[in-house]
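**Student:** with the sequence up front, the predicted model follows.
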Amino acid sequence: MALLKRAAAEGELLICEVVYAEVGAHFTDELLLGRFLRDTRISVERSELACLAVAGRKWRQHRKNSPGPCCPQCGASVTVECPQCA
């Protein structure tokens, strides 16, 4: 929370629709999410379709060049096996 407060002191905090959805996954309902965004003074900025298309292309390029899954703790590459297919 300290990082958010420090960033807010430097200027307006904006998130796009995708980040809104990702942050929203951590709340049990939309009302709580709205309160959090209000309390932290975070605004949702609507993206233009052209910007979303560019983001999709960049994401595809990133995934193509990505080494694959990684550990969320340390970032090391990991392998994943499906228990049904193994």
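**Tutor:** Ah, there it is.

**Student:** from here on, just use CA atoms for contacts and neighbour counts.
**Tutor:** Will do.

**Student:** so what's residue 41 up against?
**Tutor:** Residue 41 makes contacts with 8, 12-13, as judged by Cα atoms under 8 Å, 6 or more residues apart in numbering.

**Student:** how about residue 7?
**Tutor:** So residue 7 contacts residue 13 (Cα under 8 Å, 6+ apart).

**Student:** now it: how far from residue 26?
**Tutor:** 21 Å (Cα to Cα, to the nearest Å).

**Student:** can you pull up the most central residue in the protein?
**Tutor:** The centre of the chain sits closest to residue 19, judged by Cα atoms, centre = their mean, with a distance of 4.3 Å.

**Student:** confirm that it sits in a helix.
**Tutor:** Yes. Under DSSP: H, G, I helix; E, B strand; the rest coil, residue 19 falls within a helix.

**Student:** how near is residue 40 to residue 12?
**Tutor:** 10 Å.

**Student:** and these two? Which one has more around it.
**Tutor:** Neighbours were counted for residue 40 and for residue 12 using other Cα atoms under 10 Å; residue 40 has more, 14 against 10.

**Student:** the strands in this protein, which residues?
**Tutor:** 13-15, 42-44 (DSSP state E).

**Student:** so how far is the longest helix belonging to the chain from its chain's centroid?
**Tutor:** Counting by DSSP state H, the longest helix found in the chain is helix 49-65. From the chain centre to the centre of helix 49-65 is a distance of 14 Å (Cα atoms, centre = their mean, to the nearest Å).

**Student:** and what of stretch 48-68?
**Tutor:** 14 Å.

**Student:** can you list the residues that contact it?
**Tutor:** 77-79.

**Student:** check contacts around residue 44.
**Tutor:** 14-17, 20.

**Student:** so what pLDDT did it get?
**Tutor:** pLDDT, residue 44: 96.
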